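[1] Structure for the following, please:
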Amino acid sequence: MNVEVYLRSATIVAEGYERSRIQPYIARVHEAMLDSLAGRVDSPCRILDVGCGAGRLLRRLCQRWPAAEMTGVDPNEGMVSVAKQRCPSASFYVAWAESIPIDSSSIDLAVSSISLHH
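    Okay, the predicted model is just below:
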């Protein structure tokens, strides 16, 4: 898919994304991810979600680790705008995974779900 086409289409669907038919499946993936982290990760201070989309996984991570500092990164400004509204305590960057403007040593836990297909 052409990058410009992706960014335009994702901006158009950003507001309705969490009401889409695929959300029950995405929720299952996120729950499986959180379950797999149980017992492996105690109390991360800084969590990064790469390809955060509308922030659904970040909200679940906030529930699991409420004291952690959350950061989301997504190349789509529309998705990041929605994520900011739904997860106002997190920090966000509009960026591609290859150029995240964060020092990797400042992150305790990095996650990414259902974003590599883009």
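
[2] Who does Val73 form a beta bridge with?
    Val50, Tyr93 (DSSP bridges).

[3] Look up how far Arg40 lies from it.
    According to C-beta to C-beta, to the nearest Å, Val73 and Arg40 sit 22 Å apart. Backbone N, C-alpha and C define where each C-beta goes, glycine included.

[4] Those two: who's more crowded?
    Val73 (25 against 7; other C-beta atoms under 10 Å).

[5] ok, that one - contacts?
    Val73 makes contacts with Leu48, Asp49, Val50, Gly51, Cys52, Phe92, Tyr93, Val94, Ala95, Ala97, Ile100, Ile102, as judged by C-beta atoms under 8 Å, 6 or more residues apart in numbering.

[6] Buried ones among those?
    Buried by 16 or more other C-beta atoms under 10 Å: Leu48, Asp49, Val50, Gly51, Cys52, Phe92, Tyr93, Val94, Ile100, Ile102, out of the contacts of Val73.

[7] can you pull out the helices in this protein?
    Ranges of helices in the chain, per DSSP state H, are 3-13, 23-37, 56-64, 77-86.

[8] Which of the ones you listed comes out lowest on mean pLDDT?
    Least confident of the helices of the chain, judged by mean pLDDT, is helix 3-13 with a mean of 58.
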